[in-house]
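Chemist: Kindly return the folded structure for what I paste below:
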Amino acid sequence: MMVFSDQRDVKALVYGAAFYGGGGGGSIEEGLRLAMLAIELGGRVEVKEPDEVPGSLTLITVSGVGAPAAREQYLKPVHLIRAVELLRSTGVEIGGIIPSEVGAFNGINGWLQSVVLKVPFVDIPCDGRAHPTGLMGSMGLHRIKGYVSIQAAAGGDPAKRRYIEVVVRGSIQRASAIIRRVAVEAGGLVAVARNPVSADHAKRNGAPGALAQAYKVGQAILRGIESGDHREACYRAFEEASGEVLGECVVEETSLETREGFDIGDVRLACEGSAYKVRFFNEYMSIEHDGRYVALFPDLIVVMDMATGFPLTSADLLGARNRKVLLGYVHRSRLLLGKGLYYPEAYEPLEKALGIEFRKMLSDMLLE
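Modeler: Numbering: from 1, shown residues only. Below you'll find the model as predicted:
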């Protein structure tokens, strides 16, 4: 069991989770705030290891769904709790909570609900990195014949008449699409609780131990920051994660549009005499150089701020012109990927939005 009771350990986990966010997964600031609130209310937060929970235990997934750059997003701690309460009201007996992915906010999401509702939080994220769609975090449930997804969501500013809460039942794809639309109506972001499964299913199809992995990378980042060498913090992160650094770069230009609840765009980087383009669909999706793909999602593409030592989200890059960053990636073979990333149908929205032939280029890893 991992136990968190002080800010230093929290920083290590949030920084490492931000690294595995790969451009998404929420902001470091919000992740730290949420984690410290949970500790303030509970005195400490316990994160159970996968082998500490019985296989028959019913786990639910919690997540934040929406576009990180949306300007009217309004999500408060009470909404995180409300989403779980809504799901529980359908008759689901909740034995534990798991995060949808690893990211600065989404990897911590579940701590507050665990403390307030007295439900264990377990280190079995649906995916060991952040991803843009609900299907990718569904651990293969959409392939189970007759499986009905139950998803509850809450969020939005009541003062602007945007507050909304819903419970949806249907296929994974349809229910997730409706939740995404609800996020748009709420101003860009909602808290979600969804998809009850057995711990056995989560262990087989999720990413058990991914938060512990992120914590180690975060410790490397934190040691660099505490030493005062923020540049070294960036390099240490890639070393700990067995990643590859492409170069020290300057942000030249970022284009971003929020479309159907996603942040879609690209950033152009000048890297030691070479030009790179990083495209994103919430998370970083590709690194392009000299007409070829150097890295392609689900490879973990990471952009780190060399002035702070922090991983940057795609939303962070707005207004980051001339900022010095470190660009690199971790190959997918070195990641704890959830089963949802192994299905060809999961990449259809990415292909439609970006025009990249993911399924063709990832054919060596995809299942039939």
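
Chemist: Verify the contact between Leu350 and Ser286 for me.
Modeler: No - counting by C-beta atoms under 8 Å, Ser286 is not a contact partner of Leu350; they are 9.6 Å apart. Glycine gets a C-beta too; all of them are placed from N, C-alpha and C.

Chemist: so who does the closest residue to Phe310 other than its chain neighbours touch?
Modeler: Using C-beta to C-beta, 6 or more residues apart in numbering and skipping residues adjacent in sequence, the residue nearest Phe310 is Ile28, 5.9 Å away. Residues in contact with Ile28 (C-beta atoms under 8 Å, 6 or more residues apart in numbering) are 14-15, 18, 104, 310-311.

Chemist: Same question for Glu257.
Modeler: With C-beta under 8 Å, 6+ apart, Glu257 has these contacts: 263-265.

Chemist: residues shared between the contacts of Leu350 and Ser286?
Modeler: 297, 356.

Chemist: Just the pLDDT for the closest residue to Pro208 other than its chain neighbours.
Modeler: Setting aside the residues directly before and after it, Pro208 is nearest to Pro50 in space (C-beta to C-beta, 6+ apart), at 3.8 Å. Pro50 is assigned a predicted lDDT (pLDDT) of 98.

Chemist: burial measure for Pro50, as a count.
Modeler: Number of residues near Pro50 (other C-beta atoms under 10 Å) recorded here: 19.

Chemist: now Glu348
Modeler: 15.

Chemist: State the helix or strand in which it lies.
Modeler: Taking DSSP states H and E as the definition, Glu348 sits inside helix 348-354.

Chemist: could you say what helices and strands that helix packs with?
Modeler: Packing contacts for helix 348-354, counted by 3 or more C-beta pairs under 8 Å, 6 or more residues apart in numbering; DSSP states H and E, involve strand 262-271, strand 274-281, strand 283-289, helix 358-361.

Chemist: which helices and strands sit right next to the shortest one?
Modeler: With contacts defined as 3+ C-beta pairs under 8 Å, 6+ apart, helix 358-361 has these neighbours: strand 292-296, helix 348-354.

Chemist: Could I get those in a markdown table, plus columns for distance to Gly66?
Modeler: Below are those laid out as a markdown table (distance: least, C-beta to C-beta, whole Å):
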| stretch | distance to Gly66 |
| --- | --- |
| strand 292-296 | 24 |
| helix 348-354 | 15 |
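
Chemist: Mind putting the ones you listed into a markdown table with mean pLDDT and distance to Met2?
Modeler: Listed next are the helices and strands packed on helix 358-361 as a markdown table, based on pLDDT from 0 to 100; distance: least, C-beta to C-beta, whole Å:
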| stretch | mean pLDDT | distance to Met2 |
| --- | --- | --- |
| strand 292-296 | 98 | 30 |
| helix 348-354 | 97 | 33 |
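
Chemist: neighbours of Ala207, just the number please.
Modeler: Count around Ala207 with other C-beta under 10 Å applied: 29.

Chemist: Now the biggest helix by length in the chain: average pLDDT?
Modeler: If you go by DSSP state H, the chain has its longest helix at helix 210-226. When pLDDT is averaged over helix 210-226, the result is 99.

Chemist: buried residues in that helix?
Modeler: For helix 210-226, a neighbour-count test (16 or more other C-beta atoms under 10 Å) marks 210-215, 217-225 as buried.

Chemist: do the same with stretch 164-180
Modeler: For stretch 164-180, by 16+ other C-beta under 10 Å, it's 164-168, 172-173, 175-180.

Chemist: Of the helices and strands packed on helix 348-354, which is nearest Ile39?
Modeler: Across the helices and strands packed on helix 348-354, Ile39 has its closest neighbour in strand 283-289 (27.8 Å, C-beta to C-beta).

Chemist: Any chance you could give me stretch 137-155 in PDB, C-alpha atoms only?
Modeler: In PDB, the C-alpha atoms belonging to stretch 137-155 read as follows (Å, rounded to 0.1, in the frame of the first residue of the first chain):
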ATOM      1  CA  GLY A 137     -10.200   3.700 -21.100                       C
ATOM      2  CA  SER A 138     -13.000   1.000 -21.100                       C
ATOM      3  CA  MET A 139     -10.600  -2.000 -20.700                       C
ATOM      4  CA  GLY A 140     -12.200  -3.900 -23.600                       C
ATOM      5  CA  LEU A 141     -15.700  -3.800 -22.100                       C
ATOM      6  CA  HIS A 142     -17.100  -2.800 -25.500                       C
ATOM      7  CA  ARG A 143     -16.100  -6.200 -26.900                       C
ATOM      8  CA  ILE A 144     -18.100  -8.000 -24.200                       C
ATOM      9  CA  LYS A 145     -21.400  -9.000 -25.800                       C
ATOM     10  CA  GLY A 146     -24.400  -7.500 -24.000                       C
ATOM     11  CA  TYR A 147     -22.300  -5.300 -21.700                       C
ATOM     12  CA  VAL A 148     -24.300  -2.200 -20.800                       C
ATOM     13  CA  SER A 149     -22.200   0.800 -19.700                       C
ATOM     14  CA  ILE A 150     -23.600   2.900 -16.900                       C
ATOM     15  CA  GLN A 151     -22.000   6.400 -16.700                       C
ATOM     16  CA  ALA A 152     -22.900   9.300 -14.300                       C
ATOM     17  CA  ALA A 153     -21.700  12.800 -14.800                       C
ATOM     18  CA  ALA A 154     -21.900  16.200 -13.000                       C
ATOM     19  CA  GLY A 155     -20.500  19.600 -13.600                       C
END
